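**Student:** need coordinates for the below:
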Amino acid sequence: LDVLTDGTDDELQMVTHLGHRLGLGATREEAARFAGMSAAQIVNAMLDESEAQRDRGPYVGRLTREQIEDRERTPAEIDSGRPGVDHAEYTRRYAFNWWLQEMVETEAPLLERMTLFWHGIWVSSWDKVRNGAILLEQLQTLRQHSMGNLLDLAKAMTRDPAMTMYLDSFRNVKGAPNENFARELMELFTLGEAVKNTPPGEDLIYTEKDVQEVAKSFTGYGLSTNNSFMHQARFVFDANDHDDDCYTDTSLYREFFGKKHYFSDMGISATPADDGSDRLEGDYVVEQIFLKKRCATYYCERLWDYFIGGERDDVVIAEWANLLYTGDKNDSSETTQVSALSYELRPVLEALFTSDAFLSSRGQRVKQPIDLIVGAFRQFKLRLSSDLTADEGTYYRLWRDLWIFLDQAPFAAPGVEGWPLGTGWISTEIVRVRENIVRKWVTNAIPGGVSNLSDDEYAYLESVLLSEKPLTKLDDIALPGDKLTALLEDYSFLMLG
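**Tutor:** Down below sits the predicted model:
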């Protein structure tokens, strides 16, 4: 399965499979560029492209008043320092518009795919954060670490302003700890559910007491303002709000994961900077979580579920977990030394995307709505306006349709657990709804209309859009519009990838 032969149907199927899963829809240009290459060569080329692009992002910094819009604020807004609802609406449209446009038009689709993967794990949502600028900052953090070191990613996310707002870290203070972030850090971001993922007869991988103690470790993590509409919101650390006096009395300890962790061994500063630039107790806690082999296994399980689906192969996942944990797929031991950890993701992605399990899974994964819509735009080479003030024909309007009708839009996960996978997207109505939405956008956006597509283009689209044989052969349909309708109505196109 690894070697593709130039010019064969098997090659085209393999290239399009990689394009669908690694990117966001296989394009004709990608098929031509990757012709004659092995799966390993294609994977490495896409990884290299993505790494070259990961620092180029939507970074708009902290939007200034002039960048937002020329509008007079009310006296109340001036007194409070709050820029008003216009700022929130502007940043919302900017964030939603930017990422969808990037997904559709990018030349490094694997970067957007991996960013979307992590966006579904390290979840923050507009419904609570309500500021596009800090959501874009989180997006940029995910992009920069999406194929890099996962320990670095986790440490960065503990200081992320959007995450701090979303999971109430700014309310987590000495004497009144808020456990939201600590609980989700272990249950959803790094280890999985404790009871479900603890082998029979063994101690729980973490306990309720561990959640309580870890929550204390993250006290004092906050924002420069507790009003999420404030575009100047930045992460701050307030030692006065931190539980216990660990920064002045290093004989104290925190007890979690079955042992005492002395503050004197954590490598933290006695007088940490309030901007979070120094090592904090939370960094030590994250390292202790990552020392658990279960953390590496959890990430590899999530990768399997997202990119392959179906029943997991525990032997293969164990090898990937070894590779992620220390860099050696044959080393199944667990270390107590942070310096022995790897958590570099690229080698795992190379192993995943060239595995037999992945390469033989064409058509066995239920598409998420973003895969369907963005994939159609990329494959039909459609473009929309990025005008933030227009009401129709824009990426922002496309985002609204994804959100309202298809239940999956960036920055709008239904909860901290992210979006469902696999059969979680199957319902009695979903095929009809998907068909209506994709037909609306594709038929209205094709340059020159559907009659402008040649028979050759239809034949190619049939071969790359569908993971299985179509229900209706396009050769038997005479009118271009009817051909397109048959293609867009096909169950394989709408649901499988």
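**Student:** shouldn't residue 42 be within a helix?
**Tutor:** Yes - assessed by DSSP: H, G, I helix; E, B strand; the rest coil, residue 42 belongs to a helix.
**Student:** now for it, how many residues are close by?
**Tutor:** Neighbours of residue 42 under the rule other CB atoms under 10 Å: 21. Where C-beta positions appear, they are placed from N, C-alpha and C, glycine not excepted.
**Student:** so it touches residue 21, yeah?
**Tutor:** No - in this structure, residue 42 is not within contact of residue 21 by CB atoms under 8 Å, at 11.4 Å.
**Student:** any stretches of the stretch 51-200 of the chain with poor pLDDT?
**Tutor:** Low-confidence segments of the stretch 51-200 of the chain, defined by pLDDT under 70, are located at 56-88.
**Student:** elements contacting the helix or strand harbouring residue 50?
**Tutor:** Residue 50 belongs to helix 39-53 when assigned by DSSP states H and E. Secondary-structure packing of helix 39-53 (3 or more CB pairs under 8 Å, 6 or more residues apart in numbering; DSSP states H and E): helix 9-22, helix 109-119, helix 346-353.
**Student:** tell me what the last one is packed against?
**Tutor:** I take that to be helix 346-353. If contacts are counted by 3+ CB pairs under 8 Å, 6+ apart, helix 346-353 sits against helix 9-22, helix 39-53, helix 293-307, helix 314-326.
**Student:** okay, that helix in CSV with CA atoms only?
**Tutor:** Output of helix 346-353 as CSV, limited to C-alpha atoms (Å, rounded to 0.1, in the frame of the first residue of the first chain):
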residue,chain,number,x,y,z
ARG,A,346,5.9,14.5,13.9
PRO,A,347,7.4,11.0,14.1
VAL,A,348,4.0,9.7,15.3
LEU,A,349,2.2,11.4,12.4
GLU,A,350,4.6,9.8,10.0
ALA,A,351,3.9,6.4,11.5
LEU,A,352,0.2,7.0,11.5
PHE,A,353,-0.2,8.3,8.0
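**Student:** before we move on, the earlier item: which one of the helices and strands packed on helix 39-53 is the most hemmed in?
**Tutor:** Greatest average neighbour count among these goes to helix 109-119 (a mean of 24), per mean count of other CB atoms under 10 Å.
**Student:** between that one and helix 9-22, how many degrees?
**Tutor:** Taking axes from the mean of the first three to the mean of the last three CA atoms, to 10 degrees, one finds helix 109-119 and helix 9-22 inclined to each other by 40 degrees.
**Student:** next SSE downstream of whatever helix or strand residue 144 lives in?
**Tutor:** Using DSSP H and E, residue 144 maps to helix 132-145. Remark: after helix 132-145, the chain's next helix or strand is helix 150-158, criterion DSSP H and E.
**Student:** show me what that next one is in contact with.
**Tutor:** Residues outside helix 150-158 that contact it (CB atoms under 8 Å, 6 or more residues apart in numbering): 118, 122, 138, 141-142, 145-146, 163, 181, 185, 189-190, 218, 221, 282-283, 286-287, 289-290, 299, 324, 341, 343-345.
**Student:** from the chain's centroid, how far away is that helix?
**Tutor:** Centre-to-centre, helix 150-158 and its host chain are 14 Å apart (CA atoms, centre = their mean, to the nearest Å).
**Student:** would you mark the buried spots in the longest helix along the chain?
**Tutor:** Counting by DSSP state H, the longest helix found in the chain is helix 85-105. Using 16 or more other CB atoms under 10 Å as the burial criterion, the residues of helix 85-105 that qualify are 87-88, 90-105.
**Student:** so residue 137 makes contact with residue 159?
**Tutor:** No - between residue 137 and residue 159 there is no contact under CB under 8 Å: 10.8 Å.
**Student:** between these two, who's got more neighbours?
**Tutor:** Neighbours per residue (other CB under 10 Å) separate residue 137 from residue 159, with residue 137 holding more: 24 against 21.
**Student:** with residue 254 as the reference, measure out to that one.
**Tutor:** Per CB to CB, to the nearest Å, residue 137 is found 29 Å from residue 254.
**Student:** please name the residues that touch residue 189.
**Tutor:** 121-122, 154, 157.
**Student:** repeat that with 10 Å
**Tutor:** By CB atoms under 10 Å, 6 or more residues apart in numbering, the contact set of residue 189 is 118, 121-123, 153-154, 157-158, 163, 167, 181, 183, 286, 289, 295, 298-299, 416.
**Student:** who touches both of residue 42 and residue 21?
**Tutor:** In contact with both residue 42 and residue 21: residue 353, using CB under 10 Å, 6+ apart.
**Student:** low-confidence ranges in the stretch 301-450 of the chain?
**Tutor:** 388-389, 391, 445-450.
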